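J.: build the 3D model from these lines:
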Amino acid sequence: MEQLASVWREMVLDRDEEADVRDLPGIAVRWADCRFAFWNCVTLTEVGVDAGLLERRLHEAAEIMRAKRRPGFLWVFEDLIEAAARAGLDAAAERAGLVHAFPGTGMAGDLPPLPEPVHPDLTFVRVTTDEQLQAYADLNSRAYGFPLEDGRDGLAGSALWKDRVHAYLGVRDGVPVTCAATVEAEGRLFVVLVATDPRWERRGYGEAVTRKALYEGARATGLTRATLHATVAGAPVYPRIGFEPNSPMRFFALKG
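T.: Residues are numbered from 1 along each chain as shown. Have a look, this model is predicted:
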């Protein structure tokens, strides 16, 4: 959760320096109000939340989300919530006007020394141009089922992503098919926006490009501890690299 709040502060302010970035009691707001829904984020931040406090925070988070122009997600790290309250999370969210969108898993790991990654099908290219950044955005849009313009609205024109983020494309026969990035965040590497074109899944491409982003991020920063938030599709991949699950996550959206 702390990694999310730290990294998303930077990502959202990079997208819009006037974005809504606030740390409220029990809630962190990181909301660019752009078309890329992942840059529109609210998360709960307290530890040991009981049922009564959870109910209140969910209503407060939903009110923040309703006040925005663009849709986004409430990220809930389940291990921050008491067991009894966790059992009623979906019902409490529904009472607040929220609906469960999809699950995730928080993971972290102390990475062993990594050899320079290779894959027989891929060439790895660091994102340094607007054209490469658009390809990175488009891969995320395709992987997550967003219109292409949504991903482009989140990343287009970013200097941060072409400089401080270790963002890599995996290119097959001249065409970008997969991507991953790492960024330094409070003494760790944070893995962000890993995606593979659905037409090229199940070939080890996502794992290979993630290893490349970690390898280059570690080489540049000296950091070996890393954190990420995995989707269901990615969750089986990351333990092979050295990550261990810590907290289950749930993503909520406003009811339509």
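
J.: strands of the protein, start to end?
T.: Using DSSP state E, the strands of the chain run over 20-24, 27-31, 40-44, 73-77, 98-110, 123-126, 166-172, 175-185, 188-196, 225-230, 244-254.

J.: where in this protein is pLDDT low?
T.: Within the chain, no stretch falls below the threshold (pLDDT under 70).

J.: ends of stretch 212-228, how far apart?
T.: Start and end residues of stretch 212-228 are separated by 15 Å (Cα to Cα, to the nearest Å).

J.: circling back: out of the strands of the chain, nearest to residue 5?
T.: Among the strands of the chain, strand 27-31 comes nearest to residue 5, with 4.5 Å by Cβ to Cβ. In this view, the C-beta of every residue, glycine as well, is placed from N, C-alpha and C.

J.: residues in contact with that closest one: which ones?
T.: Contacting residues not belonging to strand 27-31 are listed as 1, 4-5, 8-9, 11-12, 19-23, 39-45, 57, 60-61, 64, 68, 72 [Cβ atoms under 8 Å, 6 or more residues apart in numbering].

J.: give me the buried entries from those.
T.: Neighbour counting with 16 or more other Cβ atoms under 10 Å marks 1, 4-5, 8-9, 11-12, 19-21, 39-45, 57, 60-61, 64, 68, 72 as buried within the contacts of strand 27-31.

J.: about what we covered before: output the strands of the chain as CSV; include the columns distance to residue 213.
T.: Shown next, in CSV, are these (distance: least, Cβ to Cβ, whole Å):
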stretch, distance to residue 213
strand 20-24, 25
strand 27-31, 22
strand 40-44, 21
strand 73-77, 22
strand 98-110, 14
strand 123-126, 9
strand 166-172, 5
strand 175-185, 4
strand 188-196, 7
strand 225-230, 10
strand 244-254, 19
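
J.: what's the nearest residue in space to residue 128 that is not next to it in sequence in contact with, if anything?
T.: The shortest distance from residue 128 to any non-neighbouring residue, by Cβ to Cβ, 6 or more residues apart in numbering, is to residue 162 (5.3 Å). By Cβ under 8 Å, 6+ apart, residue 162 lies in contact with 127, 128, 129, 130, 132, 133.

J.: ok, residue 178 next?
T.: Taking Cβ under 8 Å, 6+ apart, one finds 122, 139, 169, 170, 195, 196, 197, 200, 205, 206, 208, 209 in contact with residue 178.

J.: for residue 82, see how far away the residue of the chain most remote from its centre is.
T.: Distance to the chain centre peaks in the chain at residue 52, reaching 28.5 Å (criterion: Cα atoms, centre = their mean). Applying Cβ to Cβ, to the nearest Å, the value for residue 52 to residue 82 is 10 Å.

J.: pull out the buried members of the contacts of residue 162.
T.: 127, 132, 133.

J.: look up how far residue 146 lies from the last one.
T.: Think residue 133. Note on residue 133: its distance to residue 146, by Cβ to Cβ, is 16 Å.

J.: cool, and residue 54?
T.: 29 Å.
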